[in-house]
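Q: heads up, no residue letters with this:
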């Protein structure tokens, strides 16, 4: 019994840095949940618009999983096509917001990390989430294990030629968007977008670290042999299907 107790503490201590990093990310989104969701409502959702095109056609399908669901904008799209949707996010504030704003009878919103998820899913999607995980190969391997025979994984994330973008560059981009939006959207909405994009959300974006497009394809293809890749707006997507007869 003593040896088992010791091993538990050793395993827990070994996992602690990975868990703590994820929790720190979640706390950032806890503070920004409402702002993030409002900015999403005001922005074009290239991934959400594209997603229905990669979901298999036919009658209502089985189980889907949205990893890093945020406030549930993509989960509700999945709910139109699948009998059951599990939507998980490590941010408690995001999950509360999703349950309040985008409830569906066939969506289960869960506060959980990627490695906490168990089961078998016919369709798995993750968008703008995986650049936050501290051990990407481990996360990808776990996601692959969740794909049911005949199921699909669609993993989308931001890519960048440089791993981090400086504040001046990000702020300059928002100034250009402001000028554009003043013409197309009017003063009130343009200023709202600008303020949401240059406040605490800008601080968060400065801390983000990205893969290049080439690195993305190399790392994801190593975990999902035979995967295909495509651009989705400014992001990059991996599409992979598990053979029905594979283990």
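A: Now that the structure is in, tell me what you want to look at. Just so it is clear, the structure is predicted and the values come from calculations on it, not from any experiment. Residues are numbered from 1 along each chain as shown.
Q: Specify the local secondary structure of residue 148.
A: strand (DSSP: H, G, I helix; E, B strand; the rest coil).
Q: what sits against it?
A: 62-63, 120-122, 242 (Cβ atoms under 8 Å, 6 or more residues apart in numbering). Just so you know, the C-beta spots here come from the backbone N, C-alpha and C atoms, and that holds for glycine as well.
Q: Residue 163 now?
A: 209-211.
Q: Apply the buried test to those and list what passes.
A: Among these, those buried by neighbour count (16 or more other Cβ atoms under 10 Å) are 210-211.
Q: before we move on, the earlier item: mind putting the contacts of residue 148 in CSV, pLDDT and distance to residue 199 included?
A: Formatted as CSV, those follow (pLDDT from 0 to 100; distance: Cβ to Cβ, whole Å):
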residue, pLDDT, distance to residue 199
62, 94, 41
63, 97, 38
120, 96, 41
121, 97, 36
122, 96, 39
242, 95, 42
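Q: just checking, which of the residues you listed belong to helices?
A: Of the contacts of residue 148, none are assigned to helices by DSSP state H.
Q: So for whichever strand or helix holds residue 182, what gets flagged as buried?
A: Residue 182 is part of helix 167-184, with elements assigned from DSSP states H and E. Buried residues in helix 167-184, counted by 16+ other Cβ under 10 Å: 170, 174, 177-178, 181.
Q: just those: which has the poorest pLDDT?
A: Across those, the member with the lowest pLDDT is residue 170, scoring 82.
Q: where in this structure is pLDDT low?
A: 1-30, 246-247 (pLDDT under 70).
Q: does residue 86 count as helix, strand or coil?
A: Going by three-state DSSP: residue 86 is strand.
Q: Give the full set of residues in contact with it.
A: For residue 86, counting by Cβ under 8 Å, 6+ apart, the contacting residues are 63-66, 107-108, 110, 117, 119, 121.
Q: mind checking how far it is from residue 200?
A: 29 Å (Cβ to Cβ, to the nearest Å).
Q: And for residue 91?
A: From residue 91 to residue 200 the distance is 14 Å (Cβ to Cβ).
Q: And the helix holding residue 182, what does it pack against?
A: On a contact count with 3 or more Cβ pairs under 8 Å, 6 or more residues apart in numbering; DSSP states H and E, helix 167-184 meets helix 187-198, helix 200-207.
Q: What residue spans form the domains of the protein?
A: For the chain, automatic domain parsing gives the domain ranges 38-161+208-241, 167-205.
Q: which of those domains is buried the deepest?
A: domain 38-161+208-241 (a mean of 18; mean count of other Cβ atoms under 10 Å).
Q: what about it, start to end distance?
A: Chord length of domain 38-161+208-241, first to last residue, is 33 Å (Cα to Cα, to the nearest Å).
Q: Also stretch 95-106?
A: 15 Å.
Q: Identify the residues contacting that stretch?
A: Under Cβ under 8 Å, 6+ apart, the answer for stretch 95-106 is 33-34, 37, 69-73, 75-76, 79, 82-85, 87, 89, 109-111.
Q: Of these, which belong to helices?
A: Using DSSP H, 33-34, 37, 73, 75-76, 79 are the members of those that sit in helices.
Q: those strands in this protein, which residues are they?
A: Using DSSP state E, the strands of the chain run over residues 61-67, 82-89, 107-111, 121-127, 147-158, 228-232, 235-241.
Q: Neighbouring strands - and their directions - for the second one?
A: It refers to strand 82-89. Using DSSP bridges, strand 82-89 pairs in its sheet with strand 61-67 (parallel), strand 107-111 (parallel).
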